[in-house]
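Asker: compute the structure for the input listed below.
(4 chains)
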There are 2 protein chains.
Amino acid sequence: MIRILIVDDHPLFAEGIKSIFNMEEDIEVVRHIINGKAVPDFLQHNEIDLILMDIDMPVIDGIETMRMLNQQGFDIPILMLTMHQSLRKVRAALEEGAQGYILKDASKAELLEAVRTTSARKNYFHRKINDHIFNYFRGKNSTSAKADQLSEREKQVVRCISEGLNTRSIAKELYISEHTVKTHRRNIMHKLKVKTSAELIKLAYEKGVI
Amino acid sequence: MIRILIVDDHPLFAEGIKSIFNMEEDIEVVRHIINGKAVPDFLQHNEIDLILMDIDMPVIDGIETMRMLNQQGFDIPILMLTMHQSLRKVRAALEEGAQGYILKDASKAELLEAVRTTSARKNYFHRKINDHIFNYFRGKNSTSAKADQLSEREKQVVRCISEGLNTRSIAKELYISEHTVKTHRRNIMHKLKVKTSAELIKLAYEKGVI
DNA sequence: TCATCAATACCCCTTTTGGGGTATTAGAGG
DNA sequence: CCTCTAATACCCCAAAAGGGGTATTGATGA
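Answerer: Numbering: from 1, shown residues only, chains lettered A, B, ... in the order given. Below you'll find the predicted structure:
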């Protein structure tokens, strides 16, 4: 019997997954937790064979949660779930020792396969992701690799820009110098290949950055 | 018995929802379709009480699919599903006659309530987006009426700005002088009470201008 | 230990934006 | 016929954004 802990901030999605697992003889969903912070406490009082965790969560995200679990010495295979195929997230998850990685647009069969594979401590990586990883290692020295996503700080700057703040106000808001804000803005624009702040905000909206 | 057709490009999510419905006595998922294009053909051979459709789909999106169904004379209540709370999408869905709108991070109970409400041809709007709709309609009839509505020409300018075009390029694009573009931009910003183009684009997205 | 990278900060400079005016013309509507 | 507005166009000028550098620090990975 594979005992699973689901960590996901989307109740509907989690409920759905739970229902899928309920129809399987060998899988049991022990608990569904919304917030990553509550995971260590739960693990100390429960025997779990696999953690199925969403990467994108509001309070602390999946990567952070994994880091926390690693630091506290927990050794439970983790299958990461996500909507996005961001290479950066995949890399971060791998670096933190994720046992597998699956997209939310996977099929039911793929999910079950991923769960059974990772709970046996074997790696499972969704086909769509494999291409990304391959491309990453292949093109490690090219310039396209780093043009991936924005750092947390950069996202903060994007949000400030979208609020209509100018460089000076952003500097005050984030307690950094105007020069730094300018540098961040420039780096962001280079990464996202846009020429104006307006275009940046449009892209950010469409890509879900903000 | 509520007979449901699910139109969603995320198999896992759809499977989950299906499982939830399977546990309900009065709800039956007749089919899950990945691509909106296949919906009319399916409806011609099946009796359906409610369509549960994702807004964001790759080939043709939920709004387009609704438009198609309306043109072909189908009259089946539609409950729209989405990850995002974009007012633009909500408005578009309402204009095409959607019976309801629910976010993918809703709870199981909310989903079931939404399904039962909309299948009875009553409107259901998720709490989180009610505020958006309220604000939109409130602004429409208030004293700031003119400050809300942009002229067609002004909307064109907004769209150009969002594409990252500068004043010169917009002037060329619209076959008017740069001075005129500046005047339009200034008037737009006055009307919407924003200070930067970036803020303008953010507002435009949220208010559904573009 | 060394290489990288994110975050920070500063220099140079040109181009664009934003804010204040004014004015003409063509249409829509009383 | 007259008014009101959208769209057009121009003036001036200060402020901000954008684009090119370089450099230091601290954390982290190989």
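Asker: what's next to stretch A:68-80, contact-wise?
Answerer: By C-beta atoms under 8 Å, 6 or more residues apart in numbering or on different chains, the list of residues contacting stretch A:68-80 from outside reads A:36, A:39-40, A:43, A:48-55, A:60, A:62, A:66, A:93, A:96-102, A:114-115, A:118-119, A:121, A:124. Heads up, the C-betas are built off the backbone N, CA and C, glycines and all.
Asker: give me the buried subset of these.
Answerer: A:36, A:39, A:43, A:48-55, A:62, A:66, A:93, A:96, A:98-102, A:114-115, A:118-119, A:124 (16 or more other C-beta atoms under 10 Å in any protein chain shown).
Asker: picking that back up, just the ones of the contacts of stretch A:68-80 in strands?
Answerer: Judged by DSSP state E, the contacts of stretch A:68-80 include A:L50, A:I51, A:L52, A:M53, A:D54, A:G100, A:Y101, A:I102, A:Y124 as members of strands.
Asker: OK, contacts around the third one?
Answerer: A:L52 makes contacts with A:I4, A:L5, A:I6, A:V7, A:D8, A:I17, A:L79, A:L81, A:V115, as judged by C-beta under 8 Å, 6+ apart.
Asker: so the last one touches A:I6, yeah?
Answerer: Read it as A:V115. No: counting by C-beta atoms under 8 Å, A:V115 stays clear of A:I6, with 10.7 Å between them.
Asker: can you tell me the element the most far-flung residue of chain A relative to its centre falls in?
Answerer: Within chain A, A:R168 marks the point farthest from the mean C-alpha position, 31.8 Å out by C-alpha atoms, centre = their mean. Element membership for A:R168 (DSSP states H and E) is helix A:167-174.
Asker: name the helices or strands packed onto that helix?
Answerer: helix A:152-162, helix A:178-192 (3 or more C-beta pairs under 8 Å, 6 or more residues apart in numbering or on different chains; DSSP states H and E).
Asker: okay, now the residue nearest to A:D105 when sequence neighbours are not counted: neighbour count?
Answerer: Closest residue to A:D105 apart from its sequence neighbours, by C-beta to C-beta, 6 or more residues apart in numbering or on different chains: B:H10 at 4.4 Å. By other C-beta atoms under 10 Å in any protein chain shown, 23 other residues sit near B:H10.
Asker: who are the contact partners of B:H10?
Answerer: A:K104, A:D105, B:D54.
Asker: assess the claim that the second one and B:A14 are in contact.
Answerer: No: proximity of A:D105 to B:A14 does not meet the contact threshold set by C-beta under 8 Å, at 9.7 Å.
Asker: what does chain A put close to DNA strand D?
Answerer: Selection of chain A residues close to DNA strand D by C-beta under 7 Å from any atom of the strand yields A:E95, A:N166, A:T167, A:R168, A:K182, A:T183, A:R185, A:R186, A:M189, A:K195, A:T196, A:S197.
Asker: which one of the residues you listed sits closest to B:R31?
Answerer: Using C-beta to C-beta, A:E95 comes nearest to B:R31 of these, at 41.5 Å.
Asker: return the residues of chain A in contact with DNA strand C.
Answerer: A:146, A:151-154, A:174, A:176-180, A:182-184, A:187, A:196.
Asker: pick out the most distant pair among those residues.
Answerer: The widest separation within these, taken as C-beta to C-beta, falls between A:K146 and A:E178 and amounts to 25.2 Å.
Asker: so for the two, which sits in the more crowded spot?
Answerer: The neighbour count for A:K146 versus A:E178, taken as other C-beta under 10 Å, is higher for A:E178 (14 against 11).
Asker: quick one, what contacts the more buried one?
Answerer: A:T167, A:R168, A:A171.
Asker: cool, and A:K202?
Answerer: B:S162, B:E163, B:G164, B:I201, B:Y205.
Asker: so which residue is smack in the middle of chain A?
Answerer: A:I55 (3.0 Å).
Asker: point out where chain A drops to low pLDDT.
Answerer: Residue ranges of chain A with pLDDT under 70: A:58-59, A:83-92, A:94-95, A:127-149, A:206-210.
Asker: what's the spacing between stretch A:47-63 and its chain's center?
Answerer: Chain-centre distance of stretch A:47-63: 9 Å, with C-alpha atoms, centre = their mean, to the nearest Å.
Asker: please save the CA atoms from it in PDB.
Answerer: Presented in PDB, the C-alpha positions along stretch A:47-63 are these (Å, rounded to 0.1, in the frame of the first residue of the first chain):
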ATOM      1  CA  GLU A  47       4.000   7.200   8.200                       C
ATOM      2  CA  ILE A  48       4.100   8.300   4.600                       C
ATOM      3  CA  ASP A  49       5.500   6.600   1.500                       C
ATOM      4  CA  LEU A  50       5.200   9.500  -1.000                       C
ATOM      5  CA  ILE A  51       4.600  13.200  -1.000                       C
ATOM      6  CA  LEU A  52       2.800  14.600  -4.000                       C
ATOM      7  CA  MET A  53       3.400  18.300  -4.000                       C
ATOM      8  CA  ASP A  54       2.500  21.300  -6.100                       C
ATOM      9  CA  ILE A  55       5.400  23.600  -6.900                       C
ATOM     10  CA  ASP A  56       3.400  26.800  -7.100                       C
ATOM     11  CA  MET A  57       1.800  27.600  -3.700                       C
ATOM     12  CA  PRO A  58       1.200  31.000  -2.200                       C
ATOM     13  CA  VAL A  59       2.700  30.900   1.300                       C
ATOM     14  CA  ILE A  60       5.800  28.800   0.800                       C
ATOM     15  CA  ASP A  61       6.300  27.000  -2.500                       C
ATOM     16  CA  GLY A  62       7.100  23.400  -3.200                       C
ATOM     17  CA  ILE A  63      10.800  24.000  -3.600                       C
END
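Asker: just confirm A:K195 contacts B:G164, I think it does.
Answerer: Yes: judged on C-beta under 8 Å, A:K195 makes contact with B:G164 at a distance of 4.8 Å.
Asker: looking at the two, which one has more neighbours?
Answerer: B:G164 (21 against 13).
Asker: can you tell me the SS state at the more buried one?
Answerer: coil (DSSP: H, G, I helix; E, B strand; the rest coil).
Asker: got phi/psi on it?
Answerer: phi 90, psi 10 (degrees, to the nearest 10).
Asker: so who does the nearest residue to it once chain neighbours are set aside touch?
Answerer: Nearest residue to B:G164 in three dimensions, chain neighbours excluded: A:E199, at 2.8 Å (C-beta to C-beta, 6+ apart). Applying C-beta under 8 Å, 6+ apart to A:E199 gives the contacts B:S162, B:E163, B:G164.
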